[in-house]
Structure formats: C-alpha cells, structure tokens
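Trainee: My questions concern the predicted model and sequence given below.
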Protein chains: 2
Amino acid sequence: MGRPPRYDADSLLDAALALAAAQGPGAVTMSAVINSVGAPSGSLYHRFPNRPALLAALWLRTLERFQAGFLEAAADEDGEAAALAAARHTIEWSRSHHEQARVLLYGAADFGHEEWSATARRRLASRQALVAEAIDALATKLGLGENDGRERTTLATIDLPLALVRRHLSAGEPVPAGAERLIEPAVRALLSLP
Amino acid sequence: MGRPPRYDADSLLDAALALAAAQGPGAVTMSAVINSVGAPSGSLYHRFPNRPALLAALWLRTLERFQAGFLEAAADEDGEAAALAAARHTIEWSRSHHEQARVLLYGAADFGHEEWSATARRRLASRQALVAEAIDALATKLGLGENDGRERTTLATIDLPLALVRRHLSAGEPVPAGAERLIEPAVRALLSLP
DNA sequence: AACGTATCAGAGGGAACTCTCTAAAATTGT
DNA sequence: ACAATTTTAGAGAGTTCCCTCTGATACGTT
C-alpha cells in the first residue's frame, strides 16, 4: 500500500487547532503549521491542497465533534429534559475541550468559508441542516409556536450557553463549575417552562 | 497651522471598519485600507505609525461608541429599568450600527491586542474598568449576591443580547425587530426579577 | 527480489504586505 | 514675500507567505 504516513491528517489538524485556539484563525498559516509540527511543506500540501482546505477541515472536524454530543442530548423524548441537556452539553463540552471550544466561538466565515471547495461547503450545509432539524423537533416537542419557536430554542440551547462560555474562554479562564446551574433559569424562561 | 488634511483619521478608520465588518480583522491590512480610500501609504502611516496602532484605534473607537449608550442606560436609578434598558441598548445599537456591531462581536485579541502600544492598552483597561464598575453598581442595586451577581448581570445585559445579535449578524441578516421582547424573560430570570 | 504506491523532503518562484525614506505641496503666521 | 508646519505622494527594501515542482524514501504485494 505504500509508505506509512509520518504526519497524518489528524495530527496536522491538531497543530492547526492549537494555533487557531491561541491566536485566532489568521494565525493558521501553512508555514505556521509546518513549523509547529516540524514537517516539510510537501507533507502538509499532500494532505491539504491549499490553505482553505486546511481551514475547512479544521472547522468541520471541530463542528462535527461538538454536534455529535449535542444532537444526542437534544434527542431525548422528554422535551424539557432534552432542552436542558442540550444547553448543559454546550457548556460541558466547552469546558472539557478548551481549544476546540475557542475555535467554535468563531464562525465559518472567519475560517474563509467563501473560499472552500464545493464539497466542503456542502458538508457544512448538511451539518447545519441536521441541527436545524433537531432544533425544530425540539421546539415542537416543547409546544412552541412556529414563528419564533425555533429562534427561542436556538437561543436557549446554543447561543446562551455559548455566550457564557465565550466570556470566560476569551479572557483566558476556564469555564467555571457553576455555569450549568447559572443559565438554567434563563433557559426555562426562554422556553416558557416552569 | 499647515496643510489641511485630505485623509483624516476618522475617514481612514471608516474604511478599516468596512473591511473588518465584511471580512474580519485579518482583512484590515495597511494596503487594503490604502486601496480602499485611494490614499498613498505615507498618509496612512502619518496617522497610524503601524498596523497594531490602526487596529487598536478601530477597536477602541468602536468600543467607546458602544459603551457610551450602554453606560447611560445602566445608570438609571431603578435597578430593574436599568438592567432592561442596558440589555435593550445592546440590541438596538447593534441593529442601527451594523458594521460596528460586527466588529464588536470579535474580541480585542482578534485585533492584535498583544501588540498594541502601552497607552492603547491602558485606554482599553480603563474602559473595561468603567463597565465593570457600572455592572457592579447595577448588581448591588438589584440586590444580587457578591459572588455570582456580577456574572449574572454581565450575562443578562451584555452576553445574552450579543448572543442573539451574533446569530443574525454572522448570517448576514439584520437584527430582527422582536429581539428585545424575545430576551426580556431571560433577562428577568437571570436577575431573579418577577 | 522487484515493483507499484503513498509519502517524505525541501528548494525556489511569485505575490502580498509592512514599513522607511525622501521630496513636494498646501496652508498659516510674521 | 518668507518661514514654519503639516500633510501628501510614492518608490523601494525586506520579510513572510502560498504554492509548485522534482526527486528520494519506505512499505506492501507478488
């Protein structure tokens, strides 16, 4: 099958992740990754044909890892339990995946989304659709209206937890222990739960 | 007094603002601003000695403009009214200052905060201290505990509104009309208000 | 052992960007 | 008119970065 890889895609992405988490997406240059790993440029370009491909892979890998647990939590049959579990997951995952959480605080646009390949853009769109479905299902389970039900559910389970996480991560601190309990009343209020 | 300015600091910053809002802080290069305004490089370097100085000026001007209204709103003697007005201001200001709001969604770190001059860093610190004071005063007015009172107040008046704003702005949409009403129950819940 | 394949290895071209430096232009005050 | 001051004007050096290209290397298969 050929020579065994010495720098595989995941370890290169790990180096890119460390750079992005520490100094933002702009610091993820091909040469920075090369220097960080100690690989020659050819090895990096062998895995990722250009910089947009590297950024897309980093963003998509991070997003998919986060969404796996989120979708699982939001799938609970009990709507209230699902919403609270989803909000909790956003916080817990951010706490235990510090670097990846810092990446997720940016948007796909900051990772050069416009310059991605068509397949990378499709992969992103399909993941977004998956979450949109889950949010819709959760909103109907909770009996929320068609108009702003989706918006309120998104706000409660994703944006609000991320807002709390963002404040601490961007200050360099870890996510505090009581964060889950702190947002619970706000989540209930947003979803009209008792 | 000498030759009148043809490219003053504010119009240069406006060009930098447009670039940052459209393509992120990384797109604010000296040459991009030069091309955008049509000025020669000397004129830009005459106002801002280097790129970090330009980014610092852009960030600080935007932050101070936002905080002016925020501090005013949060100064209301009635704690409940102050908190709700502050949260509303964050949303209203973002809606009516689309480009500047997009800049504020980043952090000082994304604008190269580490490389700023000492005076620029001090200016940032003093603005942050001002807001911290206002938040503390608001928390005590609301009768919230010393420990997480500050955190809850920050979350309710800044982070939560910004989270909602972020979702729409980063999708390229305007901030919807009902946004203020949408977050009100969550603000009340976070601050233990009826 | 020989072959096919996947990967490593790094030199180098071309582009973009930051910043410096010198000279000229336009205005105010004397 | 003349000097002082502020700003425009842009050429060009030095650096960094993206990406291409060619050849060497190591492993599995037959």
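Mentor: Now that the structure is in, tell me what you want to look at. Numbers count the residues shown, from 1 in each chain, chains lettered A, B, ... in the order given.

Trainee: centroid residue for chain A?
Mentor: A:L63 (3.6 Å; C-alpha atoms, centre = their mean).

Trainee: Can you get me a residue count around the closest residue to it other than its chain neighbours?
Mentor: What sits nearest to A:L63 in space, not counting adjacent residues and going by C-beta to C-beta, 6 or more residues apart in numbering or on different chains, is A:R127, at 6.1 Å. For every residue, glycine as well, the C-beta is placed using N, CA and C. Applying other C-beta atoms under 10 Å in any protein chain shown, we find 16 residues neighbouring A:R127.

Trainee: My read is that A:R127 contacts A:R65, right?
Mentor: No. A:R127 lies out of contact with A:R65 (C-beta atoms under 8 Å); the separation is 11.0 Å.

Trainee: Now the residue lying closest to A:G178 once chain neighbours are set aside: phi and psi?
Mentor: Nearest residue to A:G178 in three dimensions, chain neighbours excluded: B:D148, at 6.8 Å (C-beta to C-beta, 6+ apart). Backbone torsions of B:D148, given as degrees, to the nearest 10, read phi -110, psi 10.

Trainee: Next one: B:D148 from DNA strand C, what distance?
Mentor: B:D148 sits 41 Å away from DNA strand C when distances are taken as C-beta to the nearest atom of the strand, to the nearest Å.

Trainee: what's around that residue, how many residues?
Mentor: So B:D148, with other C-beta under 10 Å, has 16 neighbours.

Trainee: Give the next helix or strand downstream of the host helix or strand of A:Q128.
Mentor: Taking DSSP states H and E as the criterion, A:Q128 maps to helix A:118-141. Remark: after helix A:118-141, the chain's next helix or strand is helix A:149-154, criterion DSSP H and E.

Trainee: CA atoms only: put the following helix or strand past that following helix into PDB for me.
Mentor: For helix A:149-154, the following helix or strand on the C-terminal side (DSSP H and E) is helix A:160-169. The C-alpha trace of helix A:160-169 is given here as PDB (Å, rounded to 0.1, in the frame of the first residue of the first chain):
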ATOM      1  CA  LEU A 160     -27.000  31.500  25.600                       C
ATOM      2  CA  PRO A 161     -24.600  28.800  26.800                       C
ATOM      3  CA  LEU A 162     -22.000  29.800  24.300                       C
ATOM      4  CA  ALA A 163     -22.300  33.400  25.400                       C
ATOM      5  CA  LEU A 164     -21.300  32.400  28.900                       C
ATOM      6  CA  VAL A 165     -18.600  30.200  27.700                       C
ATOM      7  CA  ARG A 166     -17.200  32.900  25.400                       C
ATOM      8  CA  ARG A 167     -16.800  35.400  28.200                       C
ATOM      9  CA  HIS A 168     -14.500  33.100  30.100                       C
ATOM     10  CA  LEU A 169     -12.600  31.500  27.300                       C
END
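
Trainee: touching chain B at all, stretch A:73-91?
Mentor: No. Judged by C-beta under 8 Å from any C-beta of the partner chain, stretch A:73-91 makes no contact with chain B; its nearest approach is 11.4 Å.

Trainee: what's in contact with that stretch?
Mentor: Stretch A:73-91 is contacted from outside by A:69-70, A:134-135, A:137-138, A:141-143, A:153, A:156-158, A:160-162, A:164-165, A:175, A:179-180, A:183-184, A:187, A:191, A:193, using C-beta atoms under 8 Å, 6 or more residues apart in numbering or on different chains.

Trainee: Need the buried ones from the residues you listed selected in PyMOL.
Mentor: Buried residues within those, by 16 or more other C-beta atoms under 10 Å in any protein chain shown, are selected in PyMOL with:
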select buried, chain A and resi 69+70+134+135+138+141+142+153+156+157+158+160+161+162+164+165+175+179+180+183+187+191
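
Trainee: returning to what we had before: contacting residues around the residue nearest to A:L63?
Mentor: Counted by C-beta under 8 Å, 6+ apart, A:R127 has contacts A:L60, A:L63, A:E64, A:Q67.

Trainee: Mind doing that once more with 7 Å?
Mentor: A:R127 is in contact with A:L63, A:E64, A:Q67, counting by C-beta atoms under 7 Å, 6 or more residues apart in numbering or on different chains.

Trainee: And it, how far from DNA strand C?
Mentor: 25 Å.

Trainee: count of residues packed around A:W116?
Mentor: Around A:W116 there are 21 residues (other C-beta under 10 Å).

Trainee: Give me the spatial nearest neighbour of it, chain neighbours excluded.
Mentor: A:A56 (4.5 Å).

Trainee: Return the per-residue confidence for that neighbour.
Mentor: If you check A:A56, the pLDDT there is 97.

Trainee: What strand or helix carries it?
Mentor: helix A:51-74.

Trainee: is any part of that helix close to DNA strand D?
Mentor: Yes. Contact between helix A:51-74 and DNA strand D, assessed by C-beta under 7 Å from any atom of the strand, occurs at A:R51, A:P52.

Trainee: Only C-alpha atoms, please: export that helix in CSV.
Mentor: Once non-C-alpha atoms are left out, helix A:51-74 reads as follows in CSV (Å, rounded to 0.1, in the frame of the first residue of the first chain):
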residue,chain,number,x,y,z
ARG,A,51,-5.0,26.8,2.9
PRO,A,52,-8.8,27.0,2.5
ALA,A,53,-8.9,23.2,2.5
LEU,A,54,-6.9,23.1,5.8
LEU,A,55,-9.2,25.7,7.4
ALA,A,56,-12.3,23.9,6.2
ALA,A,57,-11.1,20.6,7.6
LEU,A,58,-10.3,22.1,10.9
TRP,A,59,-13.6,23.9,11.2
LEU,A,60,-15.7,20.9,10.1
ARG,A,61,-13.9,18.4,12.3
THR,A,62,-14.5,20.7,15.3
LEU,A,63,-18.1,21.4,14.4
GLU,A,64,-18.9,17.7,13.9
ARG,A,65,-17.3,16.7,17.2
PHE,A,66,-19.3,19.2,19.0
GLN,A,67,-22.6,18.4,17.3
ALA,A,68,-22.3,14.7,17.9
GLY,A,69,-23.0,15.1,21.6
PHE,A,70,-25.4,18.0,21.1
LEU,A,71,-27.6,16.0,18.8
GLU,A,72,-27.6,13.1,21.2
ALA,A,73,-28.6,15.3,24.1
ALA,A,74,-31.3,17.0,22.1
